[in-house]
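1. pasting the sequence and the predicted coordinates here, then a few questions.
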Amino acid sequence: NMTAVEAIFAAKRALRRELKQKLKSLSSETKALETRTIAQKVITHPKYEAAENLSVYVSMNEEVGTDTIIRDALTKGKNLYVPYFNKDEMVMVRVANEADYEGLPFDTYGVRQPTDYLTRQNAISSTGLDLILCPGLGFSQQGHRIGRGKGYYDNYLTRYESVWGQTPYTIALAFRTQILEQIPCTESDRTLDLVITSS
């Protein structure tokens, strides 16, 4: 007999498989179009405009693209941090400018990664963050998120809060196909402040 928590974990696993399939079948045209609209919405959003220190994920092929947003933030002189995934934990480290960003080596997924993360400025121990733009597999309009199951963002927010006493404003970027009526969640799942889609 499954406990309630086990049932939620099982539901999440099934949902992840389903969402991965949906994302695989998205055409590159759809992704490019939606990405362009979302990028415009982000860079004109008051929370983004006001953010001095922000973290932006570097997008994989099946995520809303962030290249335009990253370049915009750097051009505007914002303090930009990007994630580095170090086995079990994610750190957010500073990228100085566009040349620095373009010089980041690609990982096996074709995603730029600051492999020299130890020598880079770390968001938690320096400026803190006003805003985090985060990816995921699926989202509800209420701000629930289902990620890839590693807990990177939930754990990061918990660590951040233990140092800064609060969490940054968090915005998820989502293709329309990633928006769901509801998402199975447990107490430890954090809710996002906002989900931005192309519609």
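-> Alright, I've got the coordinates.
2. list the beta-bridge partners for the most centrally placed residue in the chain.
-> The chain has residue 134 as the residue nearest its centroid, 1.6 Å off, counting by CA atoms, centre = their mean. Bridge pairing for residue 134 (DSSP bridges) gives the partners residue 172.
3. any regions of the protein where pLDDT drops low?
-> Per-residue confidence of the chain (counting by pLDDT under 70) places the weak regions at 1.
4. residue ranges for the strands of it, please.
-> 53-56, 79-86, 89-95, 131-134, 138-140, 145-146, 169-173, 179-180, 194-196 (DSSP state E).
5. hmm, who's touching the longest one?
-> With CB atoms under 8 Å, 6 or more residues apart in numbering as the test, strand 79-86 has contacts from 52-58, 70, 73-74, 90-95, 101, 104, 112-115, 117, 123, 127, 129, 152. Glycine gets a C-beta too; all of them are placed from N, C-alpha and C.
6. ok, now which ones touch residue 167?
-> Per CB under 8 Å, 6+ apart, neighbours of residue 167: 157, 160, 161, 190.
7. thought the second one was touching residue 124?
-> Yes: the pair residue 160 and residue 124 passes the contact test of CB atoms under 8 Å, sitting 5.8 Å apart.
8. more neighbours, those two?
-> residue 160 (20 against 16; other CB atoms under 10 Å).
9. quick check: the gap between the more buried one and residue 147.
-> 16 Å (CB to CB, to the nearest Å).
10. tell me where this protein has helices.
-> For the chain, the helices defined by DSSP state H occupy 4-24, 28-43, 46-50, 67-75, 98-102, 152-164.
11. nearest to residue 195, out of those?
-> helix 28-43 (10.4 Å; CB to CB).
12. distance between the closest one and the chain's centre?
-> Relative to its chain's centre, helix 28-43 lies at 15 Å (CA atoms, centre = their mean, to the nearest Å).
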